[in-house]
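Undergrad: Structural data only, the sequence is not supplied:
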């Protein structure tokens, strides 16, 4: 590509004139921008960031006084990456926010091509309804409202509920394939009893001769009680991954693939005293702390930051930034999500460990 | 093909001489046998048959006095299809037997290319160990010992245990790819705690970045308690299949396919009062009654048979034979297995319902 | 979402103050932007556009005088979508440009995660080398340089060569997973004779026990002679698709999927007199005219445009914009590419025909 | 399993009585037969065998005088494995035969679940019609008539045609899922011109948005001219496999898998002077010599046999029998087929090289 320092000013000027001329014909010189388009390794505007729940909770509750869930359609505070202000995204490809729903409120039914995850941060007892079935949500539950499924939320409990929303909004923007519809009614009609999907698809069985018609999981609530019990059953000192502790991915039981095709979702246990080795991967990752406290060293050398996190905090690690998790004081449990399944299916994903 | 009635005797004789001549050159005329090789619809020697557990139990226990589990390697009474005596098979492609293991006994460790299922018929508390992990078995549990995995059994309980073995022995014979090895020790060393595989692979999650290396399920015990609860949760009168009631298939959570590639396994609930419509499929199927009693009408017209079955009984329906299940007196639960996944992956499987 | 017209100014002001306050904590209100993020149907800044080759050819050749291929690394005029100036993209997810390489020049060897297609527009005889094998390029040939494969180009012929580059640069930006490396030498060493890949993978066979390790096709030149002959052999009046004429997709012979995972590539024949029906799909599509001339009606009603196109012209149809192809005067052949395989594998792709 | 030598005669007698008693209840003792059912390595009745074409050709032609193609439905001499006389099979899972069709004859249209390959041994110009399209066959062509496709053959040339048929008849018997139908007419109506399938699916493209509905290739003639040219293009001394020379598998271009799901088909080039290393695999394999001559050493040690083969000869190597190919005098080309794709998809296939 062009090394501007070495170029004769007359040539520069000649080129400039040429660029102006061709610009009017919808043409532009690649060689002036190639270095910024095809870069040696990931380096977007996305920055590491930490949101401490205890610092945000008042803001969230204040939103509950400023606007109703119905007027807002979804009363959510976007967790906006500080490197990309005004872009409504937490990474280059993903959106995250904290949604509040107050007792007695409803977030009305709609559907869209964007896939969404709901990770329950505070409260128990609100529901999400997906394609005719309602599920009651509890802290730590991982709930999905897959692409183009009708979904609405409501809070029949007596306290506020807060969950993290994770959506593939920026990715769908990049592909320019957003579709959305609203139901005339706030709540969709129910066709199946609560628990049907989990029983039908989540007990190691599927309906006989089941045919897979969508890449998304037919299970839409992965209860924390079950996930936590699995982690506890399999914890063994001889199996800690040096970077991740004990890390699992949520899967679609009908395919063994990611629960949603655009967003990978993970749960990991860092045992008391865990001192993680450095890790980086090409999928920027959003973490939500489910249990315990600890810290993550983000970046290397003089620019390294330390994120001290505790229960309900959120933090984001950009693509290819090395980081190390530590849990000196007790077990910690981290939920996370990223666009890893997209990168994997497209043959783009990479990771590296330690100093490699 | 040749219509023998219409052929001149001289021609017949001439052909006979020709057949004798070419026979010595390892040749044979297709046209004399084509009608028996490529037939209009399935019609093997396999016959419908019923084994009533109360009639067999004494025989099984007598085997326990005649030979030890260790001497026998596996002390099993083969359920031999009456249409194929001496062939050690219950259908043309599958083997079934009832295995007995007495308190304190061990069935020593070996491995083979044949895949095996164990469906627990009587007793609780014996174990199966598979590739370094032990599972305790209870009535109704579905346990697999996949192809080429080390496995051994032992009974640490205080009563006899009986389970049905289902293997793909005849299929592996047809493909001529049997391999087998024994361990010098009776019991393999254990590498993981009981419950590890079910927690790791059976809770809606998989290890992060899990890669599928075998078509067989990493879960090797599908407990009946979980299966039964799933059936109970999803039972709804508006969803009974007219032929099957409520029927599920056991799946490999890492792929959504059959738990084992060569044997499909199913569990179905026939609600009280169920009167099934006729059904037939090209996969001969072995049923084991887990709960309740009822009957199955096998075949059509004057050759139809009625199989009255109850708990722990086994029966087999050959390929393409129409049959109807009935549970007039109460809920019934049937476990079944067949070679359906083989036929499906090869593009060979068919079914038909009602009078079609 | 919020209906600003109906809101009390005091409330507005109160909210504004709130937004300012939370902004400093990396939070933003979703309800103010939801309507722009999750839209009822695709409507990006991407505009329909046409580039007539006869109007551009002089510009392209002038680039050959202003900068060498080696200095430019790749001497390409970006076909920049007029709705997204300065963004180096032709659709929201894809990049396109026209690359010039003069006799005796070399475009030096590098590799990157971005996948690239080369569709030969003018000239014969230059080469592309991919992972140790060279291919000679001719007009109409479709050549790929897959993700992370070493590739370089050179022109050993005696006339300029121009081809269209299509890359997934914006998509890789959205996923923030760009990696790139250069070879110290301009040209990579050759390990296999020209034609090896096409013979080995493109003749209806694959190496025995071949294992698929990448989603990208091992064939990297799909010669036009072969494609054109296929179209001619199968053309039959009774099979014209009302929207597409006769349309094929280039595939990876090892999987039957798209030749590259991120970019779908197509060739279609519009027979003389073809009057296409309206079609739209959620994948914005770039067309390059290989043979003949015709026109495409883009959009509906009063905003419809007519693109009159001929040989070597390029045009782009944005996502979900209805369009109709016409070839009144003779057969026309169109090459095209889009992000369809990405949308399909993620469960996002849609199309509609006629007035639906 | 039982060691009879060590057993007390009284115990033996007691067991015998027990076996008789349970036999009447459709039960049999596994421990008496386990050693024959689950064997340490493949060892069926299948024997190595060679059929020299020059010794058979008179027999084949004589069949043409004894019976018409129409009377015979298919006038085929079965290549019957000498170890399994009367079983109409060349391996435990596969059938092979040599089919003769004389000028002016027709083999009438039928379809069946069994998949068939036709490998053309002698003559040019007869046709096979499959599901509405005719293909003209030449020596070395590989033609398939997939499961449940209508097919008929006819000879419009002026000389006899002989081809090898390979079918999965024994496998379909083992699965007991044979279905067959005949057309009232000898020849099916044609719906597409000759060459359509090869153009549409075999030129590196597929119809746009093609959906795979069957595991079988939509291409049904793989012409030898194309296969031979591919082998010649890629032959390079630095790439000879020590066991196989240069070996390719025929694939379904819509999936990259075997052309038919039940039968793997291969073509290999042994260059002049090739001295193969020992190889064995768990799929018994049938070879047909297309060009040249050579010999194959079959088995090991004192039981080894030498098969000297030339053009048009057929030979079979059973499962797990080591063998070495040699082509001392000139290039040789071998077509072969086996049940490898079945064993692979079921996780059963093995191979070993050299002395391992």
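TA: Ah, there it is. The model shown is predicted, which means the values in this text are computed figures rather than measured ones.

Undergrad: Residue A:348 reaches residue C:174, doesn't it?
TA: No. Assessed by CB atoms under 8 Å, residue A:348 is found out of contact with residue C:174, at 11.1 Å. Glycine gets a C-beta too; all of them are placed from N, C-alpha and C.

Undergrad: quick one, which of those two is more surrounded?
TA: residue A:348 (27 against 24; other CB atoms under 10 Å in any protein chain shown).

Undergrad: that's a strand at the more buried one, yeah?
TA: No. Using DSSP: H, G, I helix; E, B strand; the rest coil, the assignment for residue A:348 is coil, not a strand.

Undergrad: contacts for the helix or strand of chain A with the lowest mean pLDDT?
TA: Least confident helix or strand of chain A, by mean pLDDT, DSSP states H and E, is helix A:69-72 with a mean of 90. Residues from elsewhere that reach helix A:69-72 (CB atoms under 8 Å, 6 or more residues apart in numbering or on different chains): A:75, A:100-102, A:105-108, A:153, A:186, C:1-2, C:29-31.

Undergrad: Let me know whether the helix or strand just after it sits next to chain C.
TA: Downstream of helix A:69-72, the first helix or strand assigned by DSSP states H and E is strand A:76-79. Yes. Against chain C, strand A:76-79 shows contacts by CB under 8 Å from any CB of the partner chain at A:76, A:77, A:78, A:79.

Undergrad: Paired strands for strand A:76-79, with orientation please.
TA: strand A:95-101 (antiparallel), strand C:27-29 (antiparallel) (DSSP bridges).

Undergrad: Please identify the most buried of those strands.
TA: Stretch with highest mean neighbour count among the strands paired with strand A:76-79: strand A:95-101 (a mean of 27; mean count of other CB atoms under 10 Å in any protein chain shown).

Undergrad: what about that strand, average pLDDT?
TA: Strand A:95-101 carries an average pLDDT of 97.

Undergrad: Can you name every helix or strand that the helix or strand just after it contacts?
TA: Under the assignment DSSP H and E, the closest C-terminal helix or strand after strand A:95-101 is strand A:106-112. Contacts defined by 3 or more CB pairs under 8 Å, 6 or more residues apart in numbering or on different chains; DSSP states H and E place strand A:106-112 against helix A:69-72, strand A:151-155, strand A:180-182.

Undergrad: what angle do strand A:106-112 and strand A:151-155 make?
TA: 170 degrees (axes from the mean of the first three to the mean of the last three CA atoms, to 10 degrees).

Undergrad: Partner strands of strand A:106-112 and their direction?
TA: Partners of strand A:106-112, by DSSP bridges, with direction: strand A:151-155 (antiparallel), strand A:180-182 (antiparallel).

Undergrad: Take these and write them to TSV, including mean pLDDT and mean neighbour count.
TA: Putting the strands paired with strand A:106-112 into TSV (pLDDT from 0 to 100; neighbours: other CB atoms under 10 Å in any protein chain shown) gives the following:
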stretch	mean pLDDT	mean neighbour count
strand A:151-155	95	22
strand A:180-182	96	14
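
Undergrad: Which one of these lies nearest to residue B:314?
TA: Counting by CB to CB, residue B:314 lies closest to strand A:151-155 out of those; the figure is 45.8 Å.

Undergrad: Can you pull out the residues in contact with that closest one?
TA: Under CB under 8 Å, 6+ apart, the answer for strand A:151-155 is A:69, A:99, A:101-111, A:116, A:125-131, A:145, A:161, A:183, A:186-188.

Undergrad: mind giving me the domain ranges of chain A?
TA: Chain A breaks down by automatic domain parsing into domains covering A:11-40, A:49-353.

Undergrad: Can you tell me which of those domains is most buried?
TA: Burial of the domains of chain A is given as mean neighbour count (mean count of other CB under 10 Å); domain A:49-353 ranks first at a mean of 20.

Undergrad: Can you name the residues that contact residue A:269?
TA: A:231, A:235, A:245, A:246, A:247, A:331, A:332, A:333.

Undergrad: Let me know the helix or strand that it is in.
TA: strand A:264-270.

Undergrad: what are the pairing partners of that strand, and which direction each?
TA: Strand A:264-270 sits in its sheet next to strand A:246-250 (antiparallel), strand A:332-338 (antiparallel), going by DSSP bridges.

Undergrad: Compile the ones you listed into CSV and extend it with columns for mean pLDDT.
TA: Shown next, in CSV, are these (pLDDT from 0 to 100):
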stretch, mean pLDDT
strand A:246-250, 97
strand A:332-338, 98
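
Undergrad: For residue D:179, which of those is the nearest?
TA: Across these, closest to residue D:179 is strand A:246-250 (CB to CB), at 42.3 Å.

Undergrad: which residues of chain A score low on pLDDT?
TA: Along chain A, the parts satisfying pLDDT under 70 run over A:1-6, A:355-356.

Undergrad: Apply 50 and report the result again.
TA: A:1-3 (pLDDT under 50).

Undergrad: just so I have it, where are all the helices in it?
TA: With DSSP state H, the ranges of helices along chain A come out as A:9-23, A:34-37, A:53-66, A:69-72, A:169-175, A:196-201, A:224-234, A:340-345.

Undergrad: wait, which of those helices is closest to residue D:88?
TA: Smallest distance to residue D:88 across the helices of chain A (CB to CB): 45.1 Å, for helix A:196-201.

Undergrad: packing partners for that closest one?
TA: Here helix A:196-201 touches strand A:133-136, helix B:224-234, going by 3+ CB pairs under 8 Å, 6+ apart.

Undergrad: doesn't residue A:326 make contact with residue A:294?
TA: Yes. Contact criterion CB under 8 Å: residue A:294 and residue A:326 qualify, at 5.3 Å.

Undergrad: what touches both of the two?
TA: Taking CB under 8 Å, 6+ apart as the contact rule, residue A:294 and residue A:326 both touch A:270, A:274.

Undergrad: thinking again about what came up before, from the contacts of residue A:269, pick the one nearest chain D.
TA: Checking the contacts of residue A:269 against chain D with CB to the nearest CB, the nearest one is residue A:247 at 27.5 Å.
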